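>>> What would the 3D arrangement of this be:
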Amino acid sequence: MQAVIYSNGSQECERAKILLEKLNFQIQEYKLNQHFSARGFVEEFGEEAEYPQVNVGFKHVGGLKETLKYMSDKGMFV
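Numbers count the residues shown, from 1 in each chain. Reported below is the predicted structural model:
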């Protein structure tokens, strides 16, 4: 399965990336100021959005907490 991470390089972004790698996701990482601007991030995800933002497949899951809940609800942790 594929996942996309929108990252600003924070610890939370690194944690999300490591978690997804451990679960054998193919990861595409988009980095702030390399692949998108802060303004573009706000336009895409809203002013209240935190880093990272994660898409799993074609579904936008949300930040790290939402991603952990999504994965737990889908039974990805055993």
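>>> So which residues of the protein form helices?
11-22, 38-45, 64-73 (DSSP state H).
>>> Relative to residue 37, how far out is the residue nearest the centre of the chain?
In the chain, the residue lying closest to the centroid (CA atoms, centre = their mean) is residue 54, at 2.3 Å. Separation of residue 54 from residue 37 (CB to CB, to the nearest Å) stands at 19 Å. Backbone N, C-alpha and C define where each C-beta goes, glycine included.
>>> got a pLDDT number for residue 51?
Per-residue confidence (pLDDT) for residue 51: 98.
>>> Look up how far residue 77 lies from the closest residue to it other than its chain neighbours.
The shortest distance from residue 51 to any non-neighbouring residue, by CB to CB, 6 or more residues apart in numbering, is to residue 8 (4.3 Å). Per CB to CB, residue 8 is found 26 Å from residue 77.
>>> For stretch 56-71, give me every contacting residue.
Contact with stretch 56-71 is made by 1-3, 12, 15-16, 19, 23, 25, 49-55, 77, as judged by CB atoms under 8 Å, 6 or more residues apart in numbering.
>>> What average pLDDT does that stretch get?
Mean per-residue pLDDT for stretch 56-71: 95.
>>> Would you mind measuring the gap between the ends of it?
Separation of the first and last residues of stretch 56-71 by CA to CA, to the nearest Å is 10 Å.
>>> what does stretch 33-42 give?
This stretch, stretch 33-42, spans 13 Å end to end (CA to CA).
>>> Buried residues, that stretch. List them.
For stretch 33-42, a neighbour-count test (16 or more other CB atoms under 10 Å) marks residue 41 as buried.
>>> Now it: average pLDDT?
On average, stretch 33-42 scores 98.
>>> hmm, who's touching it?
6, 30, 32, 44, 49, 53.
>>> Got a PyMOL select line for the buried ones in these?
Command for PyMOL that selects the buried part of those, burial taken from 16+ other CB under 10 Å:
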select buried, resi 6+30+32+53
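>>> So of the contacts of stretch 33-42, which two are at opposite extremes in space?
Pairwise distances across the contacts of stretch 33-42 peak at 13.6 Å for 30 and 49 (criterion: CB to CB).
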